[in-house]
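Asks: how would this look folded up:
(2 chains)
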There are 2 protein chains.
Amino acid sequence: MIQVAILGFGTVGSGVAEVLTGHEELIRRRTGQPYGIKYILDVRDFPDSPFSSLLINDFSVIEEDPEIQVVVETIGGTGVAYDFTRRALSAGKNVVTSNKELVACHGYELLQLAKEHKVSYLFEASVGGGIPVIHPLSQCLTANEVTEITGILNGTTNYILTRMIGEGLSFEAALKEAQENGYAERDPSADIDGDDACRKICILAAVAFGRHVYPVQVPTDGITDVTLPDVDYADSAGKKIKLLGRCMKNQDGTVTAFVAPHLVDQSDPLASVTDVFNAIKIHGDAVGDVMFYGAGAGKLPTASAVVSDVIEAGENAGGKIQYDWEDGGDDVMTPPDELRSSWYVRSDGTAESVHTTFPDAGILARHGQPDDEVAFLTGPMTRSELENSLNGMECRSVFRVLD
Amino acid sequence: MIQVAILGFGTVGSGVAEVLTGHEELIRRRTGQPYGIKYILDVRDFPDSPFSSLLINDFSVIEEDPEIQVVVETIGGTGVAYDFTRRALSAGKNVVTSNKELVACHGYELLQLAKEHKVSYLFEASVGGGIPVIHPLSQCLTANEVTEITGILNGTTNYILTRMIGEGLSFEAALKEAQENGYAERDPSADIDGDDACRKICILAAVAFGRHVYPVQVPTDGITDVTLPDVDYADSAGKKIKLLGRCMKNQDGTVTAFVAPHLVDQSDPLASVTDVFNAIKIHGDAVGDVMFYGAGAGKLPTASAVVSDVIEAGENAGGKIQYDWEDGGDDVMTPPDELRSSWYVRSDGTAESVHTTFPDAGILARHGQPDDEVAFLTGPMTRSELENSLNGMECRSVFRVLD
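Replies: Numbering: from 1, shown residues only, chains lettered A, B, ... in the order given. Presented below is the predicted three-dimensional model:
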């Protein structure tokens, strides 16, 4: 029997308990051994839960119990979750997590600790919820030099954009609807400001490129500046506005990573990813583009990914190192300002004034367009080239166009 | 050094040689050990190939060389490939293949042989080309009861349908174009009749549901009956015609599997899969729908999947069983005739005549519709219910609608 302890009995933690017990027979049949939950750690009591007898609030019980082989950390954040993860790994226990903030901020250090103690630190659920992506990226694309990853990594913002695009709701109305449907928190800032997507692209970049990328190193724009006029202009050019997390390996070996709204052509499979779904497109030099799609969050999808990691940890008695990367540093990164792309600009002015500065610009049009507003797509250029050219124009929105 | 022998130096075999040697350093860094090609078996000579010195034509050299740990079979078919695979496994060598016909027809038996000799038989490249799908299905969704798989599994037919839908080409013209672009064989029957998709859905069903499904057990329709009028009627209902391979686990434990053209709603992510791309959508009870997308064929994408299996085989010195299922039989299958769905029907007649028999039918319309033609969508019913109702009507096309 592989004994498991779950830290945090919130949405994901209770989902893990449900999947592990509900699929006890299935898992035993597939793996040849039973998995059981011995403890659930939470500061709260859950007297009405079928798992109430497993609840404890003293972590040292788990830490000191030699029977516990796998600790599932679904507390979130970098406070007590960080402390417990360090202690669990140091006590020789495998740790499985859905905590993207902890992996993005301390993944390198925690993987080193895991290696030292010959245990696993696994985090499939930290990116893309239930979508298998970390594992396929590291195990199935081994024969590829991965050069670029582009993802719709946050379901809340994708839902809001989908409602703006499909129903013409304003950002504020779409956010309110997302909150009413339980897709957005009461304080939605981590989602709408792009921080959640930022943490996920950091993790993907580290797995793909072999060096830690810290969230503070990743320029991050959310979707609060996306307006309905932008959505309409994009639509007129056959494009959808999507919040993308992107990372790429440059020729010089450095990494460029950023999060920002982009105009995505409707022929790109990412453009068809709607509602709360996530999708991660990976470019490998042999395989070309592959894309992984599914529910990016939610109780049971996330639990599905956590439990597959629990099984992988349980089967890894030999202490095989699944993930390993070097520490990051400022020398790793090249800022996205250097990245050439087309740009979408909405500004004060007229088509004539735009053509003076951008002779090749494609002018866009929308219903209800005011006389003093112009929107256009530029040719490929860097951010500073764009800003030099925009000198003096009153810009209302500036977004990249995905190639 | 893990020594590899490649059987068959065609498109995929030469791609494998290229990826293994071109990425020698990358693979050594990632896996901690070098992989080298010792032999390439082919009946032909390739005097101008950089690999010409490795070419041999006597399989017993490979079979009897104790240094060979992994045999890559890219011959195809069930003749000599079957014989060599049996002999390689019996000689205690891991075998990696892209040969879907062999896995679909003899997978159960070959996996038994592999188990007996404590080696791997791996076939990621047999479904979806370079797309990781077999591995994620078996390793990353372990915590799920998989209930249904729906796939666009053949790039040639998807290309033809995409050109019919997008450009209004006839089936014959689109096929000719596919042949000119190298996307279809001179004899295209295995693709357009659905046999290739059939083999792939057999493999997915076996991996997901645990019992072998043989191609002869899977009713298979290709795309030769899809016409431009059908494409137009589908479009008028917001749907695209796609050739789907489908398998599902029924409540009674049996499996239903079939290949047929379907009308797919444009809101379904499968509808956006165009050109030669493939996508496989998997439904698990915890994760919901996940979809894997990418190049379903081609030299380097397929080689990418083969080489990741070569690495997995090379690392599996402990003889861990990666894939295992029971043999199939007639008791496994329930024919798709029992499956209720909406249907698309194009027939002689008028809306009035249709409404006599199908009071709830949704009547469709297209430009240039002849007076004596009618097309409609039925409510959910089985095939025999449909055929009873159609009694006496002259049907031109009948396709299922994907729920």
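Asks: For the rest of this, base every contact and every neighbour count on C-alpha atoms.
Replies: OK.
Asks: mind listing what the residue nearest the centre of chain A touches?
Replies: Centroid check for chain A by C-alpha atoms, centre = their mean gives A:Lys200 as the closest residue, at 3.2 Å. A:Lys200 makes contacts with A:Lys100, A:Ala104, A:Ser126, A:Val127, A:Leu153, A:Gly245, as judged by C-alpha atoms under 8 Å, 6 or more residues apart in numbering or on different chains.
Asks: Distance of the one residue in the stretch 301-403 of chain A that gets nearest to chain B relative to B:Val146?
Replies: For the stretch 301-403 of chain A and chain B, the shortest gap (C-alpha to the nearest C-alpha) falls at A:Pro301, measuring 3.9 Å. For A:Pro301, the distance to B:Val146 equals 13 Å [C-alpha to C-alpha, to the nearest Å].
Asks: and if you look at A:Gly8?
Replies: 28 Å.
Asks: mind listing the helices for chain A?
Replies: Counting by DSSP state H, chain A has helices at residues A:11-22, A:24-31, A:59-63, A:80-90, A:100-116, A:134-135, A:155-167, A:171-180, A:189-192, A:195-209, A:228-236, A:299-315, A:351-357, A:383-390.
Asks: can you put those in TSV and add mean pLDDT?
Replies: Converted to TSV, these look like this (pLDDT from 0 to 100):
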stretch	mean pLDDT
helix A:11-22	97
helix A:24-31	93
helix A:59-63	98
helix A:80-90	98
helix A:100-116	98
helix A:134-135	96
helix A:155-167	97
helix A:171-180	96
helix A:189-192	97
helix A:195-209	98
helix A:228-236	97
helix A:299-315	96
helix A:351-357	92
helix A:383-390	94
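Asks: closest one to B:Val345 among those helices?
Replies: Evaluated over the helices of chain A, closeness to B:Val345 peaks at helix A:155-167, with 30.3 Å, by C-alpha to C-alpha.
Asks: what about the closest one, near chain B?
Replies: No - using C-alpha under 8 Å from any C-alpha of the partner chain, helix A:155-167 stays clear of chain B, coming no nearer than 11.7 Å.
Asks: Centre of the chain to that helix, how far?
Replies: Distance of helix A:155-167 from its chain centroid, counting by C-alpha atoms, centre = their mean, to the nearest Å, is 17 Å.
Asks: likewise stretch A:345-354?
Replies: Relative to its parent chain, stretch A:345-354 has a centroid offset of 35 Å by C-alpha atoms, centre = their mean.
Asks: can you give me the end-to-end distance of it?
Replies: 10 Å.
Asks: And stretch A:64-74, by the same measure?
Replies: End to end - C-alpha to C-alpha - stretch A:64-74 spans 20 Å.
Asks: Quick check: the residue nearest to the centre of chain A vs A:Ala125, distance?
Replies: A:Lys200 is 10 Å from A:Ala125, by C-alpha to C-alpha.
Asks: And for A:Ala205?
Replies: Counting by C-alpha to C-alpha - A:Ala205 and A:Ala125 are separated by 16 Å.
Asks: give the contact list for A:Val16.
Replies: A:Leu300, A:Ala303, A:Ser304, A:Val306, A:Val307.
Asks: typo on my end, A:Gly284
Replies: Applying C-alpha under 8 Å, 6+ apart, the residues near A:Gly284 are A:Leu141, A:Asn144, A:Glu145, A:Val146, A:Thr147, A:Glu148.
Asks: Could you list which of those residues also contact chain B?
Replies: Okay, of those touching chain B (C-alpha under 8 Å from any C-alpha), that's A:Leu141, A:Asn144, A:Glu145.
Asks: By neighbour count, which of the residues you listed wins?
Replies: A:Leu141 (27 neighbours; other C-alpha atoms under 10 Å in any protein chain shown).
Asks: Give me the pLDDT value at that residue.
Replies: As predicted, A:Leu141 sits at a pLDDT of 95.
Asks: Just give the nearest non-adjacent residue to it, would you?
Replies: In this structure, A:Leu141 finds its nearest non-sequential neighbour in B:Ser308, 6.4 Å apart by C-alpha to C-alpha, 6 or more residues apart in numbering or on different chains.
Asks: Pretty sure the one you found sits against A:Pro136.
Replies: No - with contact defined as C-alpha atoms under 8 Å, B:Ser308 does not reach A:Pro136; the gap is 10.3 Å.
Asks: and the two? which has more neighbours close in?
Replies: The residue with more neighbours, out of B:Ser308 and A:Pro136, is B:Ser308; 25 against 19, by other C-alpha under 10 Å.
Asks: which bits of the stretch 201-350 of chain A sit near chain B?
Replies: Proximity of the stretch 201-350 of chain A to chain B is confined to A:267, A:269, A:272-273, A:286-295, A:300-305, A:307-309, A:311 under the rule C-alpha under 8 Å from any C-alpha.
Asks: of those residues, buried ones?
Replies: By neighbour count, with 16 or more other C-alpha atoms under 10 Å in any protein chain shown, these hold A:269, A:272-273, A:286-295, A:300-305, A:307-309, A:311 as buried.
Asks: any idea how far chain B is from the closest residue in space to A:Leu169 that isn't next to it in sequence?
Replies: Using C-alpha to C-alpha, 6+ apart and skipping the chain neighbours, the partner closest in space to A:Leu169 is A:Arg163 (6.1 Å). Distance from A:Arg163 to chain B, counting by C-alpha to the nearest C-alpha, to the nearest Å: 14 Å.
Asks: what's stretch A:345-354 in contact with?
Replies: By C-alpha under 8 Å, 6+ apart, stretch A:345-354 touches A:230, A:361, A:363, A:371-378, A:393-399.
Asks: err, stretch A:30-47, not the other one
Replies: A:1-9, A:17, A:20-21, A:24-25, A:27-28, A:52, A:54-59, A:62, A:68, A:311, B:142.
Asks: So which bits of that stretch are buried?
Replies: Under 16+ other C-alpha under 10 Å, the buried positions of stretch A:30-47 are A:Gln33, A:Pro34, A:Tyr35, A:Gly36, A:Ile37, A:Lys38, A:Tyr39, A:Ile40, A:Leu41, A:Asp42.
Asks: how far away is the second one from chain B?
Replies: When C-alpha to the nearest C-alpha is applied, the distance between A:Pro34 and chain B equals 13 Å.
Asks: Could you pull out the strands in the stretch 301-403 of chain A for me?
Replies: If DSSP state E, counting those that start in this stretch is used as the criterion, the strands of the stretch 301-403 of chain A fall at A:343-348, A:362-364, A:373-377, A:395-401.
Asks: Of those strands, which stretch is the most buried?
Replies: strand A:373-377 (a mean of 23; mean count of other C-alpha atoms under 10 Å in any protein chain shown).
Asks: Between strand A:343-348 and that one, find me the angle.
Replies: 170 degrees (axes from the mean of the first three to the mean of the last three C-alpha atoms, to 10 degrees).
Asks: Could I get the CA-only coordinates of strand A:373-377 as PDB?
Replies: Provided in PDB are the C-alpha atoms of strand A:373-377 (Å, rounded to 0.1, in the frame of the first residue of the first chain):
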ATOM      1  CA  GLU A 373      -9.900  57.000 -34.200                       C
ATOM      2  CA  VAL A 374      -7.700  54.800 -36.400                       C
ATOM      3  CA  ALA A 375      -6.500  51.200 -36.000                       C
ATOM      4  CA  PHE A 376      -3.900  49.400 -38.100                       C
ATOM      5  CA  LEU A 377      -1.500  46.500 -38.300                       C
END
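Asks: strand partners of it, parallel vs antiparallel please.
Replies: strand A:343-348 (antiparallel), strand A:362-364 (antiparallel) (DSSP bridges).
Asks: Let me know the average pLDDT across it.
Replies: 97.
Asks: And that strand, how far out from the chain middle?
Replies: Using C-alpha atoms, centre = their mean, the offset of strand A:373-377 from its chain centre is 31 Å.
Asks: which residues touch that strand?
Replies: Outside of strand A:373-377, the residues within contact range by C-alpha under 8 Å, 6+ apart are A:233, A:342-351, A:361-365.
Asks: Just name the closest of those residues to B:Asp221, please.
Replies: Of the contacts of strand A:373-377, the one sitting nearest to B:Asp221 (C-alpha to C-alpha) turns out to be A:Tyr233, at 43.0 Å.
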